[in-house]
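> When you get a sec, could you give me coordinates for this:
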Amino acid sequence: MAGQLSVDRASLLALANKARLITNPPGQIPPGALAGERTSKQQGRGLNFDSLRRYQPGDDVRLIDWLATARLRSPWIRLYNEERERPVFLLVDQRLDMFFATRVQTKSVAAANTAALLAWRSWHDGDRIGSLVFNDSDMTLQKCRPPRTTLNTILDTLVHYNQQLPEKYPTEPVAKVSLADALLRASSAIPNGAWVAVLSDFHDLDKQCDALLAGLRRRCEVSAFVVLDDLHRHLPTMGTVAATYQGHEAAFSLSSGIREEIEQSITARLARQQSRLTRLGIRVNHLVVTQDLIKQLQKGL
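Here you go, the predicted model:
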């Protein structure tokens with residue numbers, strides 16, 4: 001996963017075994033866990049009917065199956081198994097702002113690779129998975145379905161959107177899709193009790209995003225994967241720095257004072273961003289593109 005400007009299908013398929021190295025997402029029940037080991041986040045009972053047995057003293061009378069009791073002329077109760085499956089939904093940012101890196105891989109590649117790892121993790125766990133991948137002008141939604149029916153489509157969508165970025169970068173088209181737009185589009189397709197992973201640099205996190213994320217958090221578990229390049233940690237001690245963004249260009253001499261000011265500004269912005277998301281009850285994970293994604297996910301999840 002090093003030295004990448006874009007992903008391809010082969011590289012995402014190659015992540016299948018590596019996904020076994022990361023743990024289940026927050027709230028997920030590990031394969032083989034004992035029933036009742038973790039509280040279900042699903043709305044309602046969260047249980048599946050298993051079988052009937054005769055009523056015994058001390059049983060909860062609310063579990064009595066009255067039809068079976070009337071038919072068999074003695075009290076019988078319904079037994080349930082804990083519902084162990086939990087939907088996973090991936091919201092993946094592939095806008096031009098994500099097509100940036102100083103070393104190793106772009107933020108857009110890191111987001112695509114991370115989404116693929118989480119998708120493969122769902123494949124191994126047998127959990128339903130859905131996604132919304134978006135760029136500056138389009139969005140593609142996949143509703144939560146069994147991974148054997150939707151995983152390939154999700155991987156193909158990640159490749160499609162990611163490979164468009166090198167072509168669009170020189171022309172810098174006007175952004176029409178915001179993070180809020182993507183959250184709004186995805187919200188109605190995300191089932192209650194799902195685990196939602198939002199992979200973005202969150203550069204346009206605003207009040208509308210706050211409201212949409214708060215609504216999601218009331219009925220789902222939400223994790224934010226903030227993808228970032230650690231340029232501010234590796235700025236040169238001196239020299240001239242040139243930058244271009246959305247048609248604007250700038251060049252300036254990098255003194256020790258300006259270097260320190262840039263570092264403090266970026267650090268403060270990330271801290272404000274994390275505080276804002278944490279107040280909404282969202283788990284925040286910082287993914288640095290120059291560091292090993294597997295190790296970062298092992299620590300974050």
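> Which residues are in contact with T290?
Shown in contact with T290 (CB atoms under 8 Å, 6 or more residues apart in numbering): 102-104, 229-230. Where you see a C-beta, it was placed from the backbone N, CA and C, and this is true even at glycine.
> Could you say which helix or strand holds it?
Under the criterion DSSP states H and E, no helix or strand holds T290.
> Apart from its neighbours in sequence, what residue is nearest it?
Sequence neighbours aside, V104 is the residue nearest to T290 in space, at 4.7 Å (criterion: CB to CB, 6 or more residues apart in numbering).
> Do you know the pLDDT at that neighbour?
With respect to pLDDT, V104 scores 87.
> Could you give the backbone dihedrals for it?
phi 70, psi -70 (degrees, to the nearest 10).
> Quick check: the gap between it and D229.
For V104, the distance to D229 (CB to CB, to the nearest Å) stands at 9 Å.
> shared neighbours of these two, anything?
289-290.
> Which one of these two is surrounded by more residues?
Using other CB atoms under 10 Å as the criterion, V104 and D229 rank with D229 on top: 20 against 17.
> thought that one was touching T102?
Yes: here D229 reaches T102: they are 5.6 Å apart, a contact under CB atoms under 8 Å.
> Could I get the full set of strands for this protein?
Along the chain, the segments classed as strands by DSSP state E run 47-54, 76-82, 88-93, 129-134, 139-145, 195-200, 221-228, 240-245, 248-253, 283-288.
> Identify whichever of the ones you listed lies nearest to K18.
strand 283-288 (15.0 Å; CB to CB).
> Could you list the low-pLDDT ranges of the stretch 201-301 of the chain?
Scanning the stretch 201-301 of the chain for pLDDT under 70 picks out 232, 244-247, 301.
> For stretch 159-170, buried residues please.
Residues of stretch 159-170 classed as buried: 159, 161-165 (neighbour count, 16 or more other CB atoms under 10 Å).
> same question, stretch 127-143
So stretch 127-143, judged by 16+ other CB under 10 Å, has buried residues 127-136, 140-143.
> Looking at the residues you listed, spot the one nearest L5.
For the buried residues of stretch 127-143, the nearest to L5 is N135 (15.4 Å; CB to CB).
> Contacts only, for the closest one.
By CB under 8 Å, 6+ apart, the contact list for N135 reads 94-96, 161, 164-165, 168, 177.
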